[in-house]
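# Following is a predicted model, sequence given first.
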Amino acid sequence: MHRRAHRHPRRPGGLPHREPRDRRGRRRLDRARAGSVGVSVRPWTAVPDQRGRRFVVTGATSGIGLMTARVLVHRGAEVVLGVRNVEKGAAAADGMTGPGRAVVERLDVSDLASVEAFAERVGDVDVLVNNAGILGVDRGTSVDGVELHLATNHLGHHALALRMLPRIGDRVVVVSSNSHRHGELDVTDLGWQRRPYKPYAAYAASKLANMLFLLELQRRLTQGGSTLRVTGAHPGSTATSITAGSGHGFFSWLGSWGHQLVGMPAWRGALPTLYAATMDVPGNSYIGPHGPGEFLGWPTMVGRSAAAADPALARACWEASVELSGVGLSLR
């Protein structure tokens, strides 16, 4: 009698065939249980066919954004890579295979003029994936005078989504972080003028702002009778280069080695974003890894902090963001 060999779930197509081995990490990952969310979760890599659909993915030269774009192209989508460095974007696009195609467009989400120009060029899309982000940078401001974490992680994406909204056919995906649970957002001091500046606190606050944008944009769309939906995702503990160049030893170590030792490879971390971008889930859904603490696992609906579900704080964050960006909501 022949025994069926145990098979690990296959990676989505379009990803590199080799990656560093981490047998202990794989065992930890595959042992993760859904007890933390109280549901049974099966491994998911079956991204639906995306032929005929058009996506924008910001921050698509590395990490979650790169893996998300690769899989979408392999599944047949046209993907606009919104990137600061066009040469790196072209190199990323050249490495993508499948029936879809990648188009490279310059976009610096920390620069509101760049956001406006990109939104005017890009045309109609089905899905906008707001993914680009920074973590752990020294105190600084964007060309618009906005604190860098807030400008890059939240405000630029706020402006991009609202400028593109009349040309989005399906949904906006907000890529946040489990760090939003540690975030405290003071809408009267978004620039950290009155408080001691701490890089991780600024990052966590910007990720909380992402969650509040998800909540408030969906509320306004629903109230306005729009069928567009807004979904969110976070990658859990994933090895990416988001901390590269932060100038902080701990953050650089965490990004370079910490997540590689205890986290998931980038393709696994991209699965919640792909799920939020391609599966039929309700607006205001938030997708993350199913395992304990949402560090490791397969995509499933996950919870959020009390602050992230606070409608009054969401409205206040929205109003402050409109004032800073000069961009409000316009429904078609």
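Nice, thanks for sending it over.

# hey, let's count contacts and neighbours off CA atoms from now on
Will do.

# per-residue pLDDT, the closest residue to His149 other than its chain neighbours?
Of all residues not flanking His149 in the chain, Tyr203 sits nearest, at 5.7 Å (Cα to Cα, 6 or more residues apart in numbering). Note on Tyr203: pLDDT of 93.

# One more: Thr222?
Among the per-residue scores, Thr222 shows a pLDDT of 97.

# Please identify the helix or strand for it.
helix 199-223 (DSSP states H and E).

# Just list what whichever helix or strand comes after that helix packs against, helices and strands only.
On the C-terminal side of helix 199-223, the closest following helix or strand by DSSP H and E is strand 229-233. When contacts are defined as 3 or more Cα pairs under 8 Å, 6 or more residues apart in numbering; DSSP states H and E, strand 229-233 sits against strand 168-175, helix 199-223, helix 271-278, strand 286-289.

# Would you mind pulling the contact partners of strand 229-233?
By Cα atoms under 8 Å, 6 or more residues apart in numbering, the residues outside strand 229-233 that reach it are 170-177, 211, 214, 217-218, 221, 272-273, 276-277, 281-288.

# got it, and stretch 201-218?
134-136, 149-150, 153-154, 158, 174-177, 179-185, 229-232, 283-284, 307-311, 313-315, 317-318.

# Repeat the analysis, applying 6 Å as the threshold.
Residues from elsewhere that reach stretch 201-218, judged by Cα atoms under 6 Å, 6 or more residues apart in numbering: 135, 149-150, 154, 176, 179-180, 182-185, 230, 308, 314.

# ok, and the most crowded of the residues you listed?
Among the contacts of stretch 201-218, His154 has the most neighbours (other Cα atoms under 10 Å), with 32 neighbours.

# how near is that one to Met301?
His154 sits 22 Å away from Met301, going by Cα to Cα, to the nearest Å.

# again, but for Ile64
Using Cα to Cα, one gets 18 Å for the distance from Ile64 to Met301.

# same check, this time on His180
Using Cα to Cα, His180 is found at 16 Å from Met301.

# Over to Glu78?
27 Å.

# With Val104 instead?
Counting by Cα to Cα, the gap from Val104 to Met301 is 31 Å.

# cool, Val143 as well?
Val143 sits 37 Å away from Met301 when distances are taken as Cα to Cα.

# More neighbours: which of the two?
Between Val143 and Met301, counting by other Cα under 10 Å, Met301 is the more crowded of the two (19 against 13).

# close enough to count as contact, the more buried one and Gly283?
No. At 11.9 Å, Met301 does not count as touching Gly283 under the criterion of Cα atoms under 6 Å.

# low-scoring stretches of the stretch 151-300 of the chain, by residue?
Along the stretch 151-300 of the chain, segments meeting pLDDT under 70 span 237-264, 290-295.
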